[in-house]
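Enquirer: have a look; sequence and predicted model below, questions after that.
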Amino acid sequence: MAIIAAMKFAHRAKWLVFLTLLVNAAAMVSPVINGGDSITYAALSQHIAMSNDWSDLILDGQDWLDKPHLPFWITAVFFKLFGVSAFTYILPGFLAHLVGGFFTYRIARLFYGRDTAWLTVLVYVSVYHLMDSSVEVKAETYLTAFIMGACYYWLRFDAQAKLKYLLLGALFSALAVMTKGVFTLITITSGLVCMWIFQRHWQRFWSAKWWIALAFSLLFTVPELYALYLQFDAHPEKIVFGQTHVSGIKFFLWDSQFGRFFNTGPIKNTNGHPLYFVLVFLWAFLPWVAVFFASIISGVRKFTSRSEAEKSSFVFLCGAFFTTFGLFSATSFQLDHYTVILFPFAAILCGKFLTDWLSDASSGRAIYWIQMGFTLVLASLAVVLSIRINSLPLLAFVAVAMLAFAAYGYATRGLGKFAAVAYPLLAMNILYGFLALMTALTFTRYDVAYHAASIIRAQPRTTIYAHQMPLECRELGLYLQTTCQPIEDFNSLVRTTGDMTVVLRESDVAQLTQRFPQAKFLATLDVVVHKTGTFNKLIAMAQGNWPLEKVAVVQIRRN
């Protein structure tokens, strides 16, 4: 009976997975790139695509040394194939999100079977921060896919030393390193190391096959090392971080990783707190936070009664999750999106717990009511925010979504305990859909680059400049599929030739017209110059209560 029940739940989970992916994918159609980091990463990729210079990362005309090349290479390929746009920036990241889900499924199936794997994927696709990162698209979006791919193939290689497992494991490990650096190998290997220690397989640590695996992983990172050499090590005269003789390879292997961990590198953050990521997890892993803690408690309580295979799986997942989580918490360089790479391991733990819980008719009801509580909170949040913002499209979306939710609830009155899985997922879909729509409507209403691009696009082609708006300049170049040059003063324009279009604050127009009396106004925009910030700022912008700035688009012809 338990097996039949699990199969039934897995079948229902498939439809909910596909529905959630559709809701998640709908956010890709926004014509505006949301985050400041995303705009910067898209601008770096655009330079590669436009210049065909695949070794140098250039931002605002300057050499850029921070992240490895791989995410920008991937995005540049999509820009080459489909053109530069917000959609083509998001698309490869969303596909990476799907790849991460696929390998999460494969690991869960390897450990616990097909039915648990589908419940795992259901958790994976509906975790709030994973949904958000799939369209925000930072390095962690790609990194999640590569880490899970590496973990899967190393698990297979550990059990059976086949060449394809070796090559694929090494390839995915190298892709992870070329996305975020050598620290990613800790996340990839920590689960295996903990499992070997538990199993007392000490010989694994000096086994030749694993040294060969490490060698292949390092070999496959050569493209990144070569690109860094060409851009920095071969040009010691370049000024980076205010000094010459900067080694890109040394930065990649040490400063960008250990330098950040110990806060001794050129990029620092001194505001860390040991409990920061614990607090982040409480909202980022919604609506499955309670299920995760229940899975850990249940796994520990029932550990001695499990089979050796299940014990090893539990140790692997906990080792992979908590080792990196602890390292993140120990460093003072902390950003909320870092822990996204650990959520697939947590999703597998949740999938296993849910399978056992749903299959056991006598299991406790506490988790049921907690999940129903999350359902109420998430759905109510969408309703309250839509009323507070008082926007007709948002009110209409929430009303239709809530009616559909109520109809589903009525039609599936006999769901039983599975309601504690389906209902919070649907509530998260409603809230996520609301937030995505709110963000898209707000940014398309107030974004400087989006509106300036629509004005400039209708004019004859000129050189584009943006005055004292570097981030908006990058974004404007993306929407116009050209280069926008940031300037800090107007003296630099005097030395240029040819026609130009300048985007600037209206308060600075007088300075421009003193130097260029022939300047012609194209438009004056009421916009928000720095659109990103806190959630309260976004709500205020959506309400129309955030102070606006007047930005002018001015054309200067020299003929």
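Expert: Nice, I can see it. Values in this document were obtained by computation on a predicted structure and should not be read as measured data.
Enquirer: residue 381 and residue 431 touch, don't they?
Expert: Yes - the pair residue 381 / residue 431 is scored as a contact, 5.8 Å apart, by CB atoms under 8 Å. Using the backbone N, CA and C atoms, a C-beta is placed for each residue, glycine as well.
Enquirer: so if I had to pick from these two, which one is more boxed in?
Expert: Between residue 381 and residue 431, counted using other CB atoms under 10 Å, residue 431 has the larger neighbour count: 23 against 15.
Enquirer: what about the more buried one, is that helix, strand or coil?
Expert: Using DSSP: H, G, I helix; E, B strand; the rest coil, the structure places residue 431 in helix.
Enquirer: and residue 508, by the same measure?
Expert: Of the three states, residue 508 takes helix according to three-state DSSP.
Enquirer: what's the local residue count around it?
Expert: For residue 508, the count of nearby residues is 17 (other CB under 10 Å).
Enquirer: ok, it to residue 319 distance?
Expert: In this view, residue 508 and residue 319 are 56 Å apart by CB to CB, to the nearest Å.
Enquirer: next: residue 545.
Expert: 48 Å.
Enquirer: the residue nearest the centre of the chain sits in which helix or strand?
Expert: By CA atoms, centre = their mean, the mean C-alpha position of the chain lies nearest to residue 133, the distance being 2.9 Å. Using DSSP states H and E, the element containing residue 133 is helix 128-136.
Enquirer: let me see the residues that make contact with stretch 363-375.
Expert: Applying CB atoms under 8 Å, 6 or more residues apart in numbering, the external contacts of stretch 363-375 come out as 286-287, 289-291, 294, 356-357, 417, 419-421, 423-424, 426-427.
Enquirer: output the helix or strand hosting residue 164 as PDB, nothing but the C-alphas.
Expert: For residue 164, the host element (DSSP H and E) is helix 163-180. What follows is helix 163-180, C-alpha atoms only, in PDB (Å, rounded to 0.1, in the frame of the first residue of the first chain):
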ATOM      1  CA  LEU A 163      35.600   6.400 -18.100                       C
ATOM      2  CA  LYS A 164      32.400   8.300 -18.900                       C
ATOM      3  CA  TYR A 165      31.800   9.000 -15.300                       C
ATOM      4  CA  LEU A 166      35.400  10.200 -14.800                       C
ATOM      5  CA  LEU A 167      35.300  12.500 -17.800                       C
ATOM      6  CA  LEU A 168      31.800  13.900 -17.100                       C
ATOM      7  CA  GLY A 169      32.500  14.300 -13.400                       C
ATOM      8  CA  ALA A 170      35.800  16.100 -14.200                       C
ATOM      9  CA  LEU A 171      34.000  18.300 -16.800                       C
ATOM     10  CA  PHE A 172      31.300  19.400 -14.500                       C
ATOM     11  CA  SER A 173      33.800  20.000 -11.700                       C
ATOM     12  CA  ALA A 174      35.800  22.200 -14.000                       C
ATOM     13  CA  LEU A 175      32.700  24.100 -15.200                       C
ATOM     14  CA  ALA A 176      32.000  24.800 -11.500                       C
ATOM     15  CA  VAL A 177      35.500  26.100 -10.900                       C
ATOM     16  CA  MET A 178      35.400  28.200 -14.100                       C
ATOM     17  CA  THR A 179      32.100  29.700 -12.800                       C
ATOM     18  CA  LYS A 180      33.000  30.600  -9.200                       C
END
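Enquirer: remind me what that helix packs against, helices and strands.
Expert: helix 70-82, helix 139-159, helix 184-199, helix 208-219, helix 222-228 (3 or more CB pairs under 8 Å, 6 or more residues apart in numbering; DSSP states H and E).
Enquirer: save those as a markdown table, and put in distance to residue 532, mean neighbour count and mean pLDDT too.
Expert: Below are the helices and strands packed on helix 163-180 laid out as a markdown table (distance: least, CB to CB, whole Å; neighbours: other CB atoms under 10 Å; pLDDT from 0 to 100):
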| stretch | distance to residue 532 | mean neighbour count | mean pLDDT |
| --- | --- | --- | --- |
| helix 70-82 | 19 | 20 | 96 |
| helix 139-159 | 17 | 24 | 97 |
| helix 184-199 | 27 | 20 | 96 |
| helix 208-219 | 36 | 15 | 96 |
| helix 222-228 | 29 | 18 | 96 |
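Enquirer: format those helices as JSON lines; extra columns: distance to residue 238.
Expert: Output for those, formatted as JSON lines (distance: least, CB to CB, whole Å):
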{"stretch": "helix 70-82", "distance to residue 238": "19"}
{"stretch": "helix 139-159", "distance to residue 238": "23"}
{"stretch": "helix 184-199", "distance to residue 238": "27"}
{"stretch": "helix 208-219", "distance to residue 238": "26"}
{"stretch": "helix 222-228", "distance to residue 238": "12"}
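Enquirer: circling back to that earlier point, got the confidence number for the residue nearest to the centre of the chain?
Expert: Looking at residue 133, its pLDDT stands at 94.
Enquirer: from memory it sits against residue 142, does it?
Expert: No - using CB under 8 Å, residue 133 is not in contact with residue 142; the gap is 10.1 Å.
Enquirer: identify the contacts common to the two.
Expert: Common neighbours of residue 133 and residue 142 (criterion: CB under 8 Å, 6+ apart): residue 93.
Enquirer: where does pLDDT dip in this protein?
Expert: Residues of the chain meeting the criterion pLDDT under 70: 1-8, 259-270, 272, 559.
Enquirer: tell me where it has strands.
Expert: Taking DSSP state E, the strands of the chain run over residues 58-59, 62-63, 463-467, 484-487, 500-505, 520-527, 549-556.
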